[in-house]
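J.: Starting from these lines, generate the structure:
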Amino acid sequence: MARSEQETIARRFYEQGASGQWDDELIAADIDYHGPPMIGELHGRDAFKQVLNVFRTAFPGFTTTVDDVLVDGDRVAVRHTHYATQTGDFAGVSATGRTVLVPGIEICPPARRTDRRVLAPRRLSRLDAAIGSDSCSRR
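T.: Below is the predicted model of the structure:
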């Protein structure tokens with residue numbers, strides 16, 4: 001797959017995350033997502049989509065800016081920033097009305113590999129602090 005095509009697919013993934021309208025081709029059916037403590041390990045497309053919907057419910061109208069897409073061979077790393085206001089319950093915290101900015105990095109394997117792990121650094125502790133939760137320290 002060409003570098004420009006990999007970057008286009010990565011950007012499309014984050015655009016769809018904000019809209020909630022997913023093309024299943026962008027999420028492997030057997031995805032293993034290794035997320036921050038408040039999310040934990042997710043296995044399979046349905047589980048991954050479900051946790052994204054939890055975010056969209058607690059933070060409706062969130063937006064994501066893709067800051068960088070780095071392609072190295074068949075691996076893609078995406079640095080992004082989420083912007084949102086918590087108007088619903090999340091991680092045991094009732095709606096706060098607080099606006100949050102959450103930076104993140106995901107390293108995504110190529111679609112044709114059997115290893116479907118997506119690695120997300122444990123950066124959501126900033127979200128915890130912004131909404132007054134300690135869920136990242138509880139796991």
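
J.: I'd like to know which elements the strand or helix carrying residue 49 is packed against.
T.: Assigned by DSSP states H and E, residue 49 belongs to helix 45-58. For helix 45-58, the packing partners by 3 or more Cβ pairs under 8 Å, 6 or more residues apart in numbering; DSSP states H and E come out as strand 32-34. Quick note: C-beta positions are derived from backbone N, CA and C, even for glycine.

J.: quick one, helices of the chain?
T.: 3-19, 45-58, 125-131 (DSSP state H).

J.: May I see the buried residues of the longest one?
T.: Which is helix 3-19. Under the neighbour-count criterion of 16 or more other Cβ atoms under 10 Å, helix 3-19 has 6, 7, 9, 10, 13, 14, 16, 17, 18 buried.

J.: any idea of the mean pLDDT for that helix?
T.: Averaged over helix 3-19, pLDDT sits at 83.

J.: quick one: contacts of that helix?
T.: 22-23, 26-27, 52, 62-64, 66, 69, 71, 74, 76, 78, 80, 108, 110 (Cβ atoms under 8 Å, 6 or more residues apart in numbering).

J.: out of the residues you listed, which are buried?
T.: 22, 27, 52, 62, 64, 66, 69, 71, 76, 78, 80, 108.

J.: Which pair in those has the greatest spatial separation?
T.: 62 and 71 (25.6 Å; Cβ to Cβ).

J.: Please list all residues in contact with residue 61.
T.: 84, 85.

J.: Now it. Its backbone dihedrals?
T.: Backbone geometry at residue 61, expressed as degrees, to the nearest 10, gives phi 80, psi 10.

J.: Many thanks, we can stop here.
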